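A.B. asks: Predicted coordinates and the sequence they were generated for:
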Amino acid sequence: MWLRQVSGERRLRAAAPRTAGALAATVTALTALGAAAPTPTDVVRTTAGYGSSTGRVTIPLRGIEKPQPQPPPALHLTNVPERAAVPPCEETGNTITISDFSARNRTRAAVEWPVTAGSAPVASTGTVTKRGSVYVWKGDVAAHGKVVITQRVKASCTTGEASVITVTADVPRTNCPKDARRGGADPCTSVVTARREQARPLPPQESHGPQRPPQGTELADTGEADEGEPHTLLYAGLAASLCGLGVLAVAAARSRRD
């Protein structure tokens, strides 16, 4: 009986590689169908020969890879000012949008941008805190959802100077990573410039003297004399008197000759 038991265990050991291959193929198929993968080592208990003695055969399942965790959903960031150019020292709005276009929620996301003059930012969800020279937003973004952060930004009081706000996300899978180079039409950067004001024309000065009519126009006769009219009448009367005296003198001279 002992010889039969040993012979049975030898046959099991010889068949172990074939059994392991069949088990590996079965596990691969089950994993593809979504079933949970077994542990890397499985144990097969068999009964050899007569009696209650059992043989223990350990079959390693090599070549079976554990399923890798899925990467987190991607985040899309935009940073847009309400007005790109404003008068010096005036305020304008600025909006940061964090979007998740996937069908899974993005959890424990973090976004930051520099602190600028103006009001404190307000987020639709999540929390915004000030950490030194930057604002930090932390929170979750729902699947196919977005988070909107708004704030008032004060333009520089120096004409022509720009206030640059660059938003970055120190998390994987985002279009605004920290180490990316900025420039051009960058959706992660908002620029607010203090524009130069155009010079306004001076108001017309008030004149305290008599106003002269423009050339080519005639004054309407209102029957009222201005300040120089009495002098003009006096000179006209003297001239008429002199003319009359001259006529009388000529008439007297002719009468004497006759």
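C.D. replies: Noted; the coordinates are in hand. Numbering: from 1, shown residues only.
A.B. asks: I'd guess A239 is in a strand, am I close?
C.D. replies: No - A239 is assigned helix when assessed by DSSP: H, G, I helix; E, B strand; the rest coil, not a strand.
A.B. asks: ok so V250 is a helix residue?
C.D. replies: Yes - judged by three-state DSSP, V250 forms part of a helix.
A.B. asks: Going by residue numbers, what spans are helices in the stretch 151-258 of the chain?
C.D. replies: 229-257 (DSSP state H, counting those that start in this stretch).
A.B. asks: does T95 sit in a helix, a strand or a coil?
C.D. replies: strand.
A.B. asks: May I ask you to confirm that it is in contact with V147?
C.D. replies: No - with contact defined as C-beta atoms under 8 Å, T95 does not reach V147; the gap is 11.1 Å. From N, CA and C alone the C-beta is placed, and that goes for glycine too.
A.B. asks: Those two: which has the busier surroundings?
C.D. replies: V147 (23 against 15; other C-beta atoms under 10 Å).
A.B. asks: separation between that one and L77?
C.D. replies: Separation of V147 from L77 (C-beta to C-beta, to the nearest Å): 10 Å.
A.B. asks: Please identify every residue contacting each of these two.
C.D. replies: T97, I98 (C-beta atoms under 8 Å, 6 or more residues apart in numbering).
A.B. asks: Run through the strands of the stretch 51-200 of the chain in chain order.
C.D. replies: For the stretch 51-200 of the chain, the strands defined by DSSP state E, counting those that start in this stretch cover 54-60, 76-81, 85-86, 91-100, 106-114, 122-123, 127-131, 134-141, 145-154, 162-166, 189-194.
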